[in-house]
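**Q** Sharing a model prediction with you, sequence too.
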Amino acid sequence: MIQFVIASDFCPDWSYILRCPKCGDDYLHHGTVVIYGRAEDQPTTVAVSDISDPTIIGRENPSPRRDAVGIVMDCEGCGPVGELCILQHKGQTFLEWRS
């Protein structure tokens, strides 16, 4: 897993603008959204990428203990970036990039 720093710029009209962790560009596009679900501290994770057809996909949960959401991102400047993850661990919420 490669972790990147979450870089952003404040924009009064839109809160924060996310920047590409590779090239710094601020033109990112959302791709597949993955929901990682598990009962607290359970080893089994259910990862679903399409709510209308909840097929379990084989991806590792970015959170070691709780649920998470992953958004696959592409950059207009440099192409595929990876997955922006929102995860919970011990009651705290984290943002991280992973490839």
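**A** Sure, I can see it.
**Q** which residues of this protein score low on pLDDT?
**A** Within the chain, the stretches with pLDDT under 70 are 1-12, 14, 50-58.
**Q** Let's see that with 90 instead.
**A** Applying pLDDT under 90 to the chain flags residues 1-19, 21, 24, 26, 31-68, 87-96, 98-99.
**Q** now the strands for it?
**A** Applying DSSP state E to the chain gives strands spanning 8-11, 15-18, 28-37, 46-48, 68-75, 79-89, 92-98.
**Q** Adding distance to residue 59 as columns, could you present those in a markdown table?
**A** (C-beta placed from N, C-alpha, C; glycine too.) Formatted as a markdown table, those follow (distance: least, CB to CB, whole Å):
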| stretch | distance to residue 59 |
| --- | --- |
| strand 8-11 | 25 |
| strand 15-18 | 21 |
| strand 28-37 | 6 |
| strand 46-48 | 5 |
| strand 68-75 | 7 |
| strand 79-89 | 9 |
| strand 92-98 | 10 |
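**Q** okay if I get the ones you listed as a markdown table plus distance to residue 60 and mean neighbour count?
**A** A markdown table is the format used below for the strands of the chain (distance: least, CB to CB, whole Å; neighbours: other CB atoms under 10 Å):
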| stretch | distance to residue 60 | mean neighbour count |
| --- | --- | --- |
| strand 8-11 | 26 | 10 |
| strand 15-18 | 23 | 12 |
| strand 28-37 | 9 | 15 |
| strand 46-48 | 8 | 16 |
| strand 68-75 | 10 | 19 |
| strand 79-89 | 11 | 18 |
| strand 92-98 | 9 | 14 |
